[in-house]
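Chemist: Predicted model and sequence below, questions to follow.
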Amino acid sequence: FVYGDAPAKKKIDAWEGEGEVDLVNESGEMALANLHFGTTPEADLLKSEPLQEETSGDADAAGKSSDIPRVTVEVEENLEGAVIASLGTTAAADGVETTYDVSDDRFEIVDGQLVLKDGISLDFETDASLDVTVTATDANGVTTSEAFIVDLIDVNDAPTDLELDGNTVAENAPGAVIGTLSSFDADADDSVTYTVSDDRFEVVDGELRLVDGVSLDHEEAASIELTVTATDSGGLSTQETFTIDVTDVNEGPSDLALDGNSVAENDAGGGVGTLTSFDPDAGDSVTYTLSDDRFEVVDGEVRLVDGVSLNHEEAASIELTVTATDSGGLSTEETFTIDVTDVNEGPSDLSLDGSSVAENDAGAVVGRLSSFEPDAGDSVSYTVSDDRFEVVDGEVRLVDGVSLNHEEAASIELTVTATDSGGLSTEETFTIDVSDMNEGPSDLSLDGNTVAENDAGATVGVLSSFDPDAGDSVTYTVSDDRFEVVDGEV
């Protein structure tokens with residue numbers, strides 16, 4: 001129905017279903033019930049207040065109607081530019097359009113429709129219902145007002161303002177907490193759940209944390225882009241990508257290795273091998289210490305200290321513990337078995353337990369030889385520098401039938417050489433004393449052998465003899481007492 005010069009219509013066709021709807025009750029009051037207006041072009045400005053006849057006098061005196069009809073409409077929240085109602089007017093006689101004024105500046109009239117302005121929407125949680133009054137003014141200055149009760153229909157609002165109150169996690173911290181998630185959901189009592197884009201993370205009771213047993217490595221990635229999705233119970237969601245910084249912490253060296261495990265015996269200052277280790281902290285330095293002070297580390301190489309050598313026969317292997325320590329004081333250690341390799345070692349400590357032999361004792365034994373051979377099971381043979389001697393079963397002796405003469409040589413320098421089965425040898429020179437033995441005189445001779453008869457006391461000749469013993473005296477006796485020896489003369 002319309003206001004103006006046209007008579008009020010008392011009936012209106014229903015546009016949902018069939019039949020007619022009485023707009024005037026028995027007492028003469030007009031009411032609109034259960035009408036959804038603003039949806040058809042036939043709907044003009046509708047009223048729900050009792051209809052009162054307007055007189056031209058009243059209009060002239062007031063310039064507008066005194067009663068403001070009220071109409072209730074329903075509109076979904078969050079709907080930008082929503083159409084609230086369609087307004088119908090009757091043009092004035094001079095054909096001038098009617099102008100409108102709206103009480104709420106969020107609304108405007110566009111092409112005869114009450115609509116929300118561009119970019120404007122309504123929020124059920126802020127105002128579940130609001131009043132909007134539209135005033136129409138015709139060319140004659142006559143105004144008509146319509147009050148709309150706009151009831152907002154609550155719709156599910158997606159969560160917003162997704163935030164995380166922490167953005168760092170230390171490397172090597174399994175299950176560490178990064179921070180607490182929060183978001184805003186305009187719908188009262190709506191619940192929000194969170195999911196993450198990286199399965200190394202999880203959300204437990206609103207806390208973003210690493211999954212139990214999972215840790216991060218700063219050296220692999222100093223930061224991680226993590227997308228968090230907040231979803232409400234209605235399935236609406238929002239997401240935000242956060243940068244999680246993985247803080248660097250000092251990590252001790254690992255993977256300690258030695259590329260050699262042996263050193264030859266008797267090799268003073270010999271090298272064993274080069275040490276290596278892995279320190280994940282870029283630029284960190286590693287120093288090495290050893291458990292045995294016979295060894296040292298020089299430029300990463302494990303070696304024997306200068307002047308120090310090892311003996312396979314004393315120890316065929318050595319347990320050496322190496323400790324690698326970084327600049328932050330963190331360390332790791334490893335025990336390596338160092339094999340002391342056996343090398344052929346010549347005999348040593350050559351000795352002779354006798355140093356003299358009697359003269360004139362053919363084949364006499366001088367003494368027994370001995371030496372030290374460090375190589376277990378190695379044999380030693382002996383040779384001598386004087387072929388008058390020989391070694392028989394370890395004994396130095398004169399060759400059968402050979403004897404010495406003290407008077408010729410009171411001592412003899414005899415060099416003995418001891419040689420092992422590998423050809424290594426040692427030698428030693430021994431002084432062999434030829435002990436003096438008393439030797440009888442020999443070569444007895446008389447330089448005359450005649451005497452004249454009847455020459456009493458005559459001299460026959462001079463006796464001579466050889467006594468090899470220096471300084472020894474010789475006396476002479478004769479078998480015939482008619483002779484005597486006086487001062488060597490017979």
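Modeler: That came through, no problem. Worth saying up front: this structure is predicted, and the values here are computed from it rather than measured.

Chemist: a strand runs through residue 332, doesn't it?
Modeler: Yes: assignment of residue 332 by DSSP: H, G, I helix; E, B strand; the rest coil places it within a strand.

Chemist: and the gap between it and residue 306?
Modeler: 28 Å (Cβ to Cβ, to the nearest Å). Any C-beta I mention is one placed from the backbone N, CA and C, and that applies to glycine too.

Chemist: Those two: who's more crowded?
Modeler: residue 332 (18 against 9; other Cβ atoms under 10 Å).

Chemist: check contacts around that one.
Modeler: 252, 253, 254, 256, 277, 323, 324 (Cβ atoms under 8 Å, 6 or more residues apart in numbering).

Chemist: now do residue 315
Modeler: The contact partners of residue 315, by Cβ under 8 Å, 6+ apart, come to residue 340.

Chemist: Make sure it is indeed in a helix.
Modeler: No: using three-state DSSP, the assignment for residue 315 is coil, not a helix.

Chemist: Return the residues in contact with the residue most central in space within the chain.
Modeler: Centroid-nearest residue in the chain, with Cα atoms, centre = their mean: residue 280, separated by 5.0 Å. The neighbours of residue 280, taking Cβ under 8 Å, 6+ apart as the test, are 217, 219, 251, 254.

Chemist: out of the residues you listed, which is most surrounded?
Modeler: residue 251 (19 neighbours).

Chemist: That one and residue 200: what is the separation?
Modeler: In terms of Cβ to Cβ, residue 251 sits 19 Å off from residue 200.

Chemist: again with residue 129
Modeler: Counting by Cβ to Cβ, the separation of residue 129 from residue 200 is 49 Å.

Chemist: same check, this time on residue 442
Modeler: For residue 442 relative to residue 200 (Cβ to Cβ), the value is 115 Å.

Chemist: which of those two has more neighbours?
Modeler: residue 200 (12 against 9).

Chemist: Not counting its neighbours along the chain, what's nearest that one?
Modeler: Nearest in space to residue 200, with sequence neighbours left out and distances taken as Cβ to Cβ, 6 or more residues apart in numbering, is residue 214 at 4.9 Å.

Chemist: Can you name the residues that contact the one you found?
Modeler: 174, 175, 200.

Chemist: Repeat that for residue 103.
Modeler: Residues counted as contacts of residue 103 (Cβ under 8 Å, 6+ apart) are 131, 132, 133, 134, 135.

Chemist: If residue 100 is in a bridge, with which residues?
Modeler: Residue 100 forms beta bridges with residue 136, as assigned by DSSP bridges.

Chemist: Who are the contact partners of it?
Modeler: For residue 100, the contacting residues are 87, 109, 134, 135, 136, 137, by Cβ under 8 Å, 6+ apart.

Chemist: Isn't the fourth one up against residue 142?
Modeler: No: with contacts defined as Cβ atoms under 8 Å, residue 135 does not count as touching residue 142, sitting 10.9 Å away.

Chemist: neighbour count winner among the two?
Modeler: More neighbours surround residue 142 than the other of residue 135 and residue 142, with 20 against 16 (other Cβ under 10 Å).

Chemist: Check that one and give its pLDDT.
Modeler: As predicted, residue 142 sits at a pLDDT of 87.

Chemist: Could you measure from it over to residue 132?
Modeler: As judged by Cβ to Cβ, residue 142 and residue 132 stand 21 Å apart.

Chemist: before we move on, the earlier item: now pLDDT and distance to residue 432 too, for the contacts of residue 332, in JSON lines please.
Modeler: JSON lines is the format used below for these (pLDDT from 0 to 100; distance: Cβ to Cβ, whole Å):
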{"residue": "252", "pLDDT": "89", "distance to residue 432": "70"}
{"residue": "253", "pLDDT": "93", "distance to residue 432": "66"}
{"residue": "254", "pLDDT": "93", "distance to residue 432": "68"}
{"residue": "256", "pLDDT": "96", "distance to residue 432": "61"}
{"residue": "277", "pLDDT": "95", "distance to residue 432": "63"}
{"residue": "323", "pLDDT": "97", "distance to residue 432": "59"}
{"residue": "324", "pLDDT": "95", "distance to residue 432": "62"}
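
Chemist: Which among those residues count as buried?
Modeler: Neighbour counting with 16 or more other Cβ atoms under 10 Å marks 252, 253, 256, 277, 324 as buried within those.

Chemist: ok, the second one touching residue 329?
Modeler: No: contact between residue 253 and residue 329 fails when scored by Cβ under 8 Å: they sit 11.3 Å apart.

Chemist: after the host helix or strand of residue 434 comes which helix or strand?
Modeler: Under the criterion of DSSP states H and E, residue 434 resides in strand 425-435. Counting by DSSP H and E, the element after strand 425-435 in chain order, helix or strand, is strand 442-446.

Chemist: following that following strand, which helix or strand comes up?
Modeler: Assigned by DSSP H and E, the successor of strand 442-446 is strand 463-466.

Chemist: which secondary structure elements does that following strand contact?
Modeler: strand 442-446 (3 or more Cβ pairs under 8 Å, 6 or more residues apart in numbering; DSSP states H and E).

Chemist: List the strands paired with the strand it packs on, with their directions.
Modeler: Next to strand 442-446 in the sheet, as set by DSSP bridges, lie strand 463-466 (antiparallel).

Chemist: Distance from the chain centre to the partner strand, please.
Modeler: Relative to its chain's centre, strand 463-466 lies at 105 Å (Cα atoms, centre = their mean, to the nearest Å).

Chemist: which residues are contacting it?
Modeler: Under the criterion Cβ under 8 Å, 6+ apart, residues 441-447, 474, 476, 485, 488-490 lie in contact with strand 463-466.
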